[in-house]
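S.K.: Here you go, sequence then predicted model.
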Amino acid sequence: MPSLTLHLEEVRPGRGSLDHRALLTSAHRLHPDLPLMLEHLPREEYLPAAAYVRETARALGLPL
């Protein structure tokens, strides 16, 4: 049986294929105060990553 290796390339929110609209909507349904974390990013990407997540939440009408 061949061995399968999983490789994930971590990129800042908005630059990959994860549907952040679905993630934020689902997280809000679970609990409106559910914290989300940004991690494993180069230092200079944290502010743009946070801005993208906040802009996406605002577009969905979710509280920040």
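M.R.: In hand now; what should we look at?

S.K.: R54 contacts P63, correct?
M.R.: No - contact criterion Cβ atoms under 8 Å: R54 and P63 do not qualify, at 11.0 Å. Yep, even glycine has a C-beta here, placed from its N, CA and C like the rest.

S.K.: quick one, which of the two is more surrounded?
M.R.: R54 (13 against 8; other Cβ atoms under 10 Å).

S.K.: what about the more buried one, is that helix, strand or coil?
M.R.: Reduced to three states with DSSP: H, G, I helix; E, B strand; the rest coil, the structure at R54 is helix.

S.K.: ok, it - contacts?
M.R.: L64 (Cβ atoms under 8 Å, 6 or more residues apart in numbering).

S.K.: That one and D33, how far apart?
M.R.: 16 Å (Cβ to Cβ, to the nearest Å).

S.K.: just Y46 next, same as before
M.R.: Y46 sits 21 Å away from D33, going by Cβ to Cβ.

S.K.: between the two, who's got more neighbours?
M.R.: A count of neighbours by other Cβ under 10 Å puts Y46 above the other of Y46 and D33, at 13 against 7.

S.K.: Grab the nearest non-local neighbour of that one.
M.R.: In this structure, Y46 finds its nearest non-sequential neighbour in L38, 6.0 Å apart by Cβ to Cβ, 6 or more residues apart in numbering.

S.K.: measure that neighbour to G14 for me?
M.R.: Separation of L38 from G14 (Cβ to Cβ) stands at 12 Å.

S.K.: Residues that sit against both of those two, list them.
M.R.: In contact with both L38 and G14: A49, using Cβ under 8 Å, 6+ apart.

S.K.: Could you pull out the helices in this protein for me?
M.R.: For the chain, the helices defined by DSSP state H occupy 20-30, 46-59.

S.K.: the inter-axis angle of the longest one versus helix 20-30?
M.R.: Translated: helix 46-59. 70 degrees (axes from the mean of the first three to the mean of the last three Cα atoms, to 10 degrees).
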